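Colleague: here's my sequence, what's the structure:
(one chain, ligands or ions: 1)
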Amino acid sequence: MKHFLSIFLLILIAAAGCAKSSQPPYAEDPWVREPPPGMSMLAGYMILHNPSSTDMTLTGASSPDFAAVEFHNSVVEDGVSRMRQETSLVLAAGEALRFVPGGRHMMLIAPGRQLSEGDKVLIELSFADGSELHITAPVRSSGGH
Ligand SMILES: [Cu+2]
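Modeller: Residues are numbered from 1 along each chain as shown. Predicted coordinates for the structure are as follows:
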């Protein structure tokens, strides 16, 4: 009986170890910049963490409030700032991707309603393994709280 119990405990410990390594990704401080009236593109920001021990690949995003959501990176070429679309992004194990003003961002295209400070936007991120992460991002006029 004692022997059986110790095997059972070992299995429990192994299972706990697995659970720990498959923690889902999460978004820290997601927000969307309040647009000037009539603006057809908005930018969304967050810090996307991957606490698991496996790399994940972000393959797309969508929102019920927008016609399309893209990932863009702002780069300076010949002294001019341009936005380049990124169709997939690797989120390395134990690391984070920073979506920040002036850098990588979510481009929220063609809003279906006028959004202003205090509104909330639902954004659904999809990963290559078929999993999804749903984020609720408040609309703010600037990055401060
Ligand atoms: Cu952009």
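
Colleague: does residue 127 really touch residue 56, like I thought?
Modeller: Yes. Here residue 127 lies in contact with residue 56, judged by Cβ atoms under 8 Å, at a distance of 5.2 Å. The C-beta positions use only the backbone N, C-alpha and C, and glycine is treated the same way.

Colleague: which residues are common contacts for these two?
Modeller: Shared contacts of residue 127 and residue 56, defined by Cβ atoms under 8 Å, 6 or more residues apart in numbering, are found at residue 25.

Colleague: show me which residues of this protein sit near the ion.
Modeller: Within the chain, the positions adjacent to the ion are 72, 83, 107 by Cβ under 5 Å from the ion.

Colleague: only whichever of the residues you listed are buried, select them in ChimeraX.
Modeller: The ChimeraX selection below is limited to those of the residues of the chain next to the ion classed as buried (16 or more other Cβ atoms under 10 Å):
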select :72,107
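
Colleague: which of the residues of the chain next to the ion scores worst on pLDDT?
Modeller: Least confident entry in the residues of the chain next to the ion, by pLDDT: residue 83, with 93.

Colleague: three-state assignment of that one?
Modeller: With DSSP: H, G, I helix; E, B strand; the rest coil as the basis, residue 83 sits in strand.

Colleague: the protein: helices as residue ranges?
Modeller: According to DSSP state H, the chain carries its helices in the segments 2-21.

Colleague: quick test: name the residue nearest the centre of it.
Modeller: Among the residues of the chain, the one closest to the centroid is residue 48, at 4.7 Å (Cα atoms, centre = their mean).

Colleague: ok, for it, nearest residue in space, not its chain neighbours?
Modeller: Nearest non-adjacent residue to residue 48, counting by Cβ to Cβ, 6 or more residues apart in numbering: residue 97, 4.7 Å away.
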